[in-house]
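Undergrad: Predicted structure and sequence below. I'll ask about it afterward.
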Amino acid sequence: MSRRLYQFAISGHCHRVALMLALLGLPYERVEVDLFKRAQREPGFLALNPLGQVPVLDDEGQVLSDSNAILLYLAMRYPGGQAWLPQDALGWARLQRWFSLAASWLDEGPATARFARLSGREVPAQAVQLAERLFGHMEQELQRADWLLGAAPSLADVALYTYTAHAPEGGIELAPYPRLRAWLARVEALPGFVPMVAA
């Protein structure tokens, strides 16, 4: 079997794919792409993903990019994956909403703040504000259920976990969000969970 994940180890986008692979018990080879050295702009990598972004998954010759798209592929392709997917139209709509938040407020909020800190730059105030709005919304949603889509973990939880858990690396504290912190602990208690390396 040939399965490779092209990743940057401290990227939350890459970790969400690595986490899903682990939760499904799928072995793979890690290929490190150092974004700080601009390895994502080298011709060999651009042949895999012309957009020059990680992660990229090569699954037996099927090459996929975009972390949320890869999550969907893995859940629909492999045994056990269906449990991570919604079972009705409303559930799919709610999953898409969380995917949209992962690609907007999560990325532009806690992920941007964290990357600024890692790069030695000042954290943009707008990133902090977006993170606080997102976490406040998640705190409210988690008042209704243990997981973002309800009674069971789903791809929404996988997509939102990493940059939320590592928000303190961007100077964003999680102390004001007790339900959010309890949710993070539930994700970390899932069989097969693997942490992202600390930055």
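TA: Looks like it arrived, so ask away.
Undergrad: Flag every buried residue along the helix or strand of the chain with the lowest mean pLDDT.
TA: When the helices and strands of the chain are scored by mean pLDDT, DSSP states H and E, helix 43-48 comes last with a mean of 81. Neighbour-count burial for helix 43-48, counted by 16 or more other C-beta atoms under 10 Å, picks out F45, L48. All C-beta atoms are positioned from the backbone trio N, CA, C, and that covers glycine.
Undergrad: In terms of secondary structure, what does it contact?
TA: strand 56-59 (3 or more C-beta pairs under 8 Å, 6 or more residues apart in numbering; DSSP states H and E).
Undergrad: make it 7 Å
TA: Contact partners of helix 43-48 among helices and strands, from 3 or more C-beta pairs under 7 Å, 6 or more residues apart in numbering; DSSP states H and E: none.
Undergrad: hmm, who's touching that helix?
TA: With C-beta atoms under 7 Å, 6 or more residues apart in numbering as the test, helix 43-48 has contacts from Y6, V33, A39, G52, V56, V63.
Undergrad: next one: that helix to chain centre, how far?
TA: Taking C-alpha atoms, centre = their mean, to the nearest Å, one finds the center of helix 43-48 at 23 Å from the center of the full chain.
Undergrad: what about the chain, any weak spots by pLDDT?
TA: 1, 198-199 (pLDDT under 70).
Undergrad: quick one: the strands in it?
TA: Remark: strands assigned in the chain by DSSP state E are 3-7, 29-32, 56-59, 62-65.
Undergrad: Return the list of strands paired to the last one, each annotated with direction.
TA: For strand 62-65, sheet partners with direction are given as strand 56-59 (antiparallel), following DSSP bridges.
Undergrad: before we move on, what about the first one?
TA: Sheet pairing here is set by DSSP bridges, and for strand 3-7 it gives strand 29-32 (parallel), strand 56-59 (antiparallel).
Undergrad: What lies in contact with that strand?
TA: Contacts of strand 3-7 (C-beta under 7 Å, 6+ apart): 14, 17-18, 21, 26-33, 45, 48, 54-60.
Undergrad: Make a ChimeraX selection of the buried ones in those residues.
TA: Here is the ChimeraX command that selects the buried residues among the contacts of strand 3-7 (16+ other C-beta under 10 Å):
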select :14,17,18,21,26,28,33,45,48,54,55,56,57,58,59
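Undergrad: Which positions in stretch 103-117 come out as buried?
TA: 105-117.
Undergrad: Could you dump the strands paired with strand 3-7 into JSON lines and include distance to E141?
TA: JSON lines is the format used below for the strands paired with strand 3-7 (distance: least, C-beta to C-beta, whole Å):
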{"stretch": "strand 29-32", "distance to E141": "33"}
{"stretch": "strand 56-59", "distance to E141": "29"}
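Undergrad: Can you say which of the ones you listed is nearest to G80?
TA: strand 56-59 (15.6 Å; C-beta to C-beta).
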